[in-house]
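In: Here is a sequence with its predicted model. Questions after.
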Amino acid sequence: MPATDVLPDLSRIYRARQALQGQVARTPLIRSEALSRRFGCEAWLKLETLQPIGAFKLRGATFAMSRLGPEQRQAGVVTCSTGNHGRAIAYAGQRLDIHTLICMSRLVPANKVEAIRALGAEVRIIGNSQDEAEVEALRLVEEQGMVYLPPFDHPDIITGQGTIGLEILEDLPTVDTVFAGLSGGGLVGGIGIALKGIKPTVELVGVTMDRGAAMVASLEAGQPVQVTEYESFADSLGGGIGLHNRYSFEAVRRHMDRAYLVSEAAIARAMVHFVEHEKMLVEGAAVVGVAAIEQHSLDVRGKQVVFVVSGHNVALDTFDRARALAAVSR
């Protein structure tokens, strides 16, 4: 069962924010005129796309790697990833002079694989799911003594992602609802600890694709479960949460108010909206909150709503496919 007594707390997230100053970007929160008009709310975009690697994952990876001791740094860091976490580990490893090895499945888009290699990390493509990639990463820990930093189920990873919540509340103290992509739970769990610790009335909504939604299936089952992984425009949200999940499952269970599943067509339409109206080319995982409001006809009228725009690492051919699907699904 998930651990319940070792989760990061608000004070730890404040300490992480201090540690990350100068290491990651304090990203802007900007108002979306188009979404405000469309949904009858005050819509705001938290632009994690402006991190040096183009995604929020840099926060947790940098904080976790900065806390490694000399012997751990010498041993090197291994992880599994659907792309953005691996890129964050590679980037932090390059800056800290730590050898990194990233295990990924064949479902990870080629543009994300090449971006990781360009940062000097060693890459291994293993199997057809993140779970299979994780098996290889854990084998390297056992056989070579490398340090494993998972993409979400680690207190320092969750803590680093939680700094997003602090920034949202500092920039918009009147926020009513925050939408964020739901995958392994590092993002939603970390943001939730920050939001609920400061302003418990804020509603935190997690959104993910409607096939292979591991966290939603696990919450429904009351414990981590395995799911089949599928290709998705929101590929960053794919993968399991680990059957022995110790931290992120419980962080999400405690702090997320609601979760929604969205179709590939809804994700595609939201991606097109961001290009046409926000002038931003972003990945599917970054737009699922907008997709949820549209697909489920959610009433956010009169509210202060924040969408965590989690990353922009999308291949042009992926966007072309999304645009084609959006055109026939309106």
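Out: It's in. Computed from a prediction, not measured in an experiment: that's the story for all the values here.
In: At the geometric centre of this protein, which residue do we find?
Out: What sits nearest the mean C-alpha location of the chain, by Cα atoms, centre = their mean, is Leu187, with 5.0 Å.
In: neighbours around Gly22, how many?
Out: Counted with other Cβ atoms under 10 Å, the neighbours of Gly22 add up to 7. Placement of C-beta: from N, CA and C, glycine included.
In: switch to numbering from 47
Out: New numbering, starting at 47: the last item is Gly68.
In: What separation is there between it and Thr108?
Out: Taking Cβ to Cβ, to the nearest Å as the measure, Gly68 falls 10 Å from Thr108.
In: try Pro201
Out: Distance of Pro201 to Thr108, computed by Cβ to Cβ: 15 Å.
In: can you check Gln350 too?
Out: Going from Gln350 to Thr108 by Cβ to Cβ gives 29 Å.
In: Between these two, which is the more surrounded one?
Out: Each of Gln350 and Thr108 has its neighbours counted (other Cβ under 10 Å); Thr108 has more, 26 against 17.
In: Can you tell me the element that one falls in?
Out: Counting by DSSP states H and E, the element that carries Thr108 is helix 103-112.
In: Can you get me a residue count around Phe365?
Out: Phe365: 20 surrounding residues under other Cβ under 10 Å.
In: Also Gly268?
Out: By other Cβ under 10 Å, 10 other residues sit near Gly268.
In: returning to what we had before: from memory the residue nearest to the centre of the chain sits against Gly335, does it?
Out: No: at 11.9 Å, Leu233 and Gly335 do not qualify as touching, with contact defined as Cβ atoms under 8 Å.
In: Identify the contacts common to these two.
Out: The contact sets of Leu233 and Gly335 overlap at 226-227, 354 (Cβ atoms under 8 Å, 6 or more residues apart in numbering).
In: before we move on, back to that, show me the contacts for the residue nearest to the centre of the chain.
Out: Contacts of Leu233 by Cβ under 8 Å, 6+ apart are 102, 198, 207, 210, 226-227, 354, 356.
In: And Ala361, by the same measure?
Out: Ala361 neighbours (Cβ under 8 Å, 6+ apart): 155-157.
In: that older thread, out of the shared contacts of Leu233 and Gly335, who's nearest Val124?
Out: Nearest to Val124 among the shared contacts of Leu233 and Gly335 is Gly227, at 24.4 Å by Cβ to Cβ.
In: Is that closest one bridged to anything, and to what?
Out: Counting by DSSP bridges, Gly227 is bridged to Val253.
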